[in-house]
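>>> when you get a sec, could you give me coordinates for this:
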Amino acid sequence: MNKDKIFEEAIRLHRLFKGKIEVVPKVPIRDIKDFSIWYTPGVASSAQRIANNPDEVFELTSRWNMVAVISDGTRVLGLGDIGPYAAYRVMEEVA
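Reported below is the predicted structural model:
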């Protein structure tokens with residue numbers, strides 16, 4: 001596949017999937033009871049626990065497995081100053 005075909009296919013697939021990252025629940029939410037445990041009022045118990053013992057943030061949240069990739073798009077490797085919206089596409093790749 002030549003470079004032009006790869007670029008065309010990349011655009012087609014990016015339009016189809018609208019990015020590569022997705023956020024979905026890791027926990028089952030089957031009914032209002034599950035929702036109450038994971039959201040409100042259940043969320044208050046873990047929030048209070050973390051407030052009293054900040055080290056528990058790694059046990060009670062996804063912080064142990066999170067990353068933030070931030071760019072204003074002014075110096076994107078190989079592309080230069082492409083702005084924040086275009087840089088988002090590149091940052092999504094490295095996340």
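
>>> where is the longest helix in this protein?
Counting residues, the longest helix in the chain under DSSP state H turns out to be helix 3-17.

>>> so which residues make contact with it?
For helix 3-17, contacts defined as C-beta atoms under 8 Å, 6 or more residues apart in numbering pick out 1, 89. No exception for glycine: its C-beta is placed from N, CA and C like everyone else's.

>>> what's the following helix or strand past it in contact with?
Per DSSP states H and E, the first helix or strand lying C-terminal to helix 3-17 is helix 32-38. The contact list for helix 32-38 (C-beta under 8 Å, 6+ apart) reads 25, 27-29, 42.

>>> try stretch 69-77
Outside stretch 69-77, the residues that reach it (C-beta under 8 Å, 6+ apart) are 81-88, 90-91, 94-95.

>>> just the buried subset of these, please.
Listed as buried from those are 82, 87, 90-91; burial here means 16 or more other C-beta atoms under 10 Å.

>>> these into a markdown table, with extra columns for pLDDT, secondary structure and distance to residue 65?
As requested, these are exported to a markdown table (pLDDT from 0 to 100; DSSP: H, G, I helix; E, B strand; the rest coil; distance: C-beta to C-beta, whole Å):
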| residue | pLDDT | secondary structure | distance to residue 65 |
| --- | --- | --- | --- |
| 82 | 95 | coil | 29 |
| 87 | 92 | helix | 24 |
| 90 | 86 | helix | 22 |
| 91 | 87 | helix | 18 |
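
>>> thanks again, I'm all set now.
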